[in-house]
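*Asks:* can't give you the sequence, but here's the structure:
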């Protein structure tokens, strides 16, 4: 034993006594855990890569990985040539293509990868394209952001993805159930991602008002507006989010194909998707508001169905009512506000307070000409609708009115919330 110890000094019993047991298990959280990782290095040359790619990739785990994705980043042309050589032999290794598209879609590579890989990508067979749909869609979106890829080839690949028989679901879950959030689903579904890529392409041309949609894009967008194709719903949500741009450039087409989706009476499920898409980032555009006036006002009855976007709706309709819009009467907004639940009125009160505070040096003028008329003719006056949270926002409105504070205090606070007034000392003292 002494002789062996002298010859092999590196031989030591493990400090944790694992050598005393025939089996020993530990996990990554244990102090004695040893990660026995193996990293297989992919070749760099295209000819060697062809042979290497023909081997079935091992199942990925925490203990085994390879450098294929890194090779795609550092040696784009070599990785592409190898995949192209396999494609010529009818081989489309889907896992390798998935990682390649992910790497090529990264910002530094998107423009260059489009230049060299587009023709090869266009040849991917439909069976493989279904498996690669997410990665391919993200690559197209990255390309549309990185370069002006205007041309038939880009549209051809987009059409190929949109024509796939994809599941309308996204697989995203919350508490073990599908999330049922149209916007989140749309921005994570291949159809929604490709629709955004097409819009990016269109925006790069800097379209002018009333110029009309290009014929090729109009054809694709018209197909997406077919409510009978369930998977296209994700594309429509993206179109709804860009409603103002579509309306300004091609009003006739938008009124015929997009605005009907906002009508709750025609299709409540579609209307919910439409409003959530629009309310994702809403803006006031007067001609549009007049064009779907009835749907806008009716949406107040469906506040609860809008989920988290109900808050945006309450704020949006508050700002609209404060604008004194042509084609709208105070009674129109009064009817809509009467339909809002208490949670919606609370959000509306906060928007009212923010609008008043945003008036700055014009706050007295804003109170007299916008805020007070809104308060007088639109806001529901039932004291049963006043909550402590709403009363607090109304106090903020009064404070923001500047020299008109006494007038605003009487109308917005004392008359509406006498029971809450005693709790307003800290606001009044400010």
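*Replies:* Arrived safely, thanks for sending. Since the model is a prediction, treat every value here as computed from it, not as a measurement.
*Asks:* I'd like the mean pLDDT over stretch 190-202, please.
*Replies:* Averaged over stretch 190-202, pLDDT sits at 97.
*Asks:* If you could redo that for stretch 385-400, that was the one I meant.
*Replies:* The average pLDDT within stretch 385-400 is 92.
*Asks:* Start at 54, not 1
*Replies:* Got it, first residue is 54 now, which makes that one stretch 438-453.
*Asks:* distance between that stretch and the chain's centre?
*Replies:* Relative to its parent chain, stretch 438-453 has a centroid offset of 33 Å by C-alpha atoms, centre = their mean, to the nearest Å.
*Asks:* Now do the residue nearest to residue 339 when sequence neighbours are not counted, the pLDDT please.
*Replies:* In space, and not counting its chain neighbours, residue 339 is closest to residue 378: 5.9 Å by C-beta to C-beta, 6 or more residues apart in numbering. Bear in mind the C-beta positions are built from the backbone N, C-alpha and C, glycine included. Among the per-residue scores, residue 378 shows a pLDDT of 87.
*Asks:* Wait, a strand at residue 378?
*Replies:* No - counting by DSSP: H, G, I helix; E, B strand; the rest coil, residue 378 falls outside a strand, being coil.
*Asks:* Let me see the ranges of the helices in the stretch 304-453 of the chain.
*Replies:* In the stretch 304-453 of the chain, the helices defined using DSSP state H, counting those that start in this stretch lie at 304-310, 321-332, 339-344, 346-351, 362-375, 383-392, 395-410, 416-419, 425-430, 441-453.
*Asks:* Look at the spatially closest residue to residue 121 that is not a sequence neighbour and report its pLDDT.
*Replies:* Leaving aside its chain neighbours, residue 121 sits nearest to residue 95 (4.7 Å; criterion: C-beta to C-beta, 6+ apart). As predicted, residue 95 sits at a pLDDT of 92.
*Asks:* Can you check which of the helices of the stretch 304-453 of the chain gets nearest to residue 198?
*Replies:* Nearest to residue 198 among the helices of the stretch 304-453 of the chain is helix 321-332 (20.1 Å), distances taken as C-beta to C-beta.
*Asks:* which outside residues touch the closest one?
*Replies:* Residues outside helix 321-332 that contact it (C-beta atoms under 8 Å, 6 or more residues apart in numbering) are 234-236, 239, 280, 286, 289-294, 296, 314-317, 348, 352, 355, 358-360, 362, 365-366, 369.
*Asks:* Just the buried subset of the residues you listed, please.
*Replies:* Neighbour counting by 16 or more other C-beta atoms under 10 Å classes 234-236, 239, 280, 286, 289-294, 296, 314-317, 348, 352, 355, 358-359, 362, 365-366, 369 among the contacts of helix 321-332 as buried.
*Asks:* roughly how far apart are the residue nearest to the spatial centre of the chain and residue 167?
*Replies:* By C-alpha atoms, centre = their mean, the chain has its centre lying nearest to residue 240, at 4.5 Å. Using C-beta to C-beta, to the nearest Å, residue 240 is found at 22 Å from residue 167.
*Asks:* okay, how far is it across stretch 230-240, tip to tip?
*Replies:* Chord length of stretch 230-240, first to last residue, is 18 Å (C-alpha to C-alpha, to the nearest Å).
*Asks:* wouldn't the residue nearest to residue 339 be in contact with residue 341 here?
*Replies:* No - using C-beta atoms under 8 Å, residue 378 is not in contact with residue 341; the gap is 10.9 Å.
*Asks:* Between these two, which is the more surrounded one?
*Replies:* Using other C-beta atoms under 10 Å, the more surrounded residue of residue 378 and residue 341 is residue 341, with 21 against 16.
*Asks:* which residues touch the closest residue to the more buried one other than its chain neighbours?
*Replies:* Of all residues not flanking residue 341 in the chain, residue 300 sits nearest, at 5.0 Å (C-beta to C-beta, 6+ apart). Residue 300 makes contact with 307, 308, 311, 338, 340, 341, 344 under the criterion C-beta under 8 Å, 6+ apart.
*Asks:* Are any of the residues you listed buried, and if so which?
*Replies:* Applying 16+ other C-beta under 10 Å to these, the neighbour count classes 307, 311, 341, 344 as buried.
*Asks:* Output those in a markdown table, with distance to residue 461 and pLDDT appended to each entry.
*Replies:* As requested, those are exported to a markdown table (distance: C-beta to C-beta, whole Å; pLDDT from 0 to 100):
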| residue | distance to residue 461 | pLDDT |
| --- | --- | --- |
| 307 | 40 | 98 |
| 311 | 40 | 98 |
| 341 | 32 | 97 |
| 344 | 34 | 96 |
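*Asks:* which of these lies closest to residue 457?
*Replies:* Of all the buried ones among the contacts of residue 300, residue 457 sits closest to residue 341, with 32.4 Å by C-beta to C-beta.
*Asks:* gap between the closest one and residue 101?
*Replies:* Separation of residue 341 from residue 101 (C-beta to C-beta): 58 Å.
*Asks:* What lies in contact with stretch 339-346?
*Replies:* In contact with stretch 339-346 (C-beta under 8 Å, 6+ apart) are residues 296-297, 300, 304, 308, 312, 315, 349, 373, 376, 378-381, 385.
*Asks:* Would you agree residue 232 is in contact with residue 238?
*Replies:* Yes - judged on C-beta under 8 Å, residue 232 makes contact with residue 238 at a distance of 6.9 Å.
*Asks:* tell me the contacts of residue 276?
*Replies:* Residue 276 is in contact with 215, 282, 285, counting by C-beta under 8 Å, 6+ apart.
*Asks:* Need the worst-confidence member of these.
*Replies:* Least confident of the contacts of residue 276 in the model: residue 282, at 94.
*Asks:* Can you pull the phi/psi pair for that one?
*Replies:* With angles defined as degrees, to the nearest 10, residue 282 sits at phi -100, psi 110.
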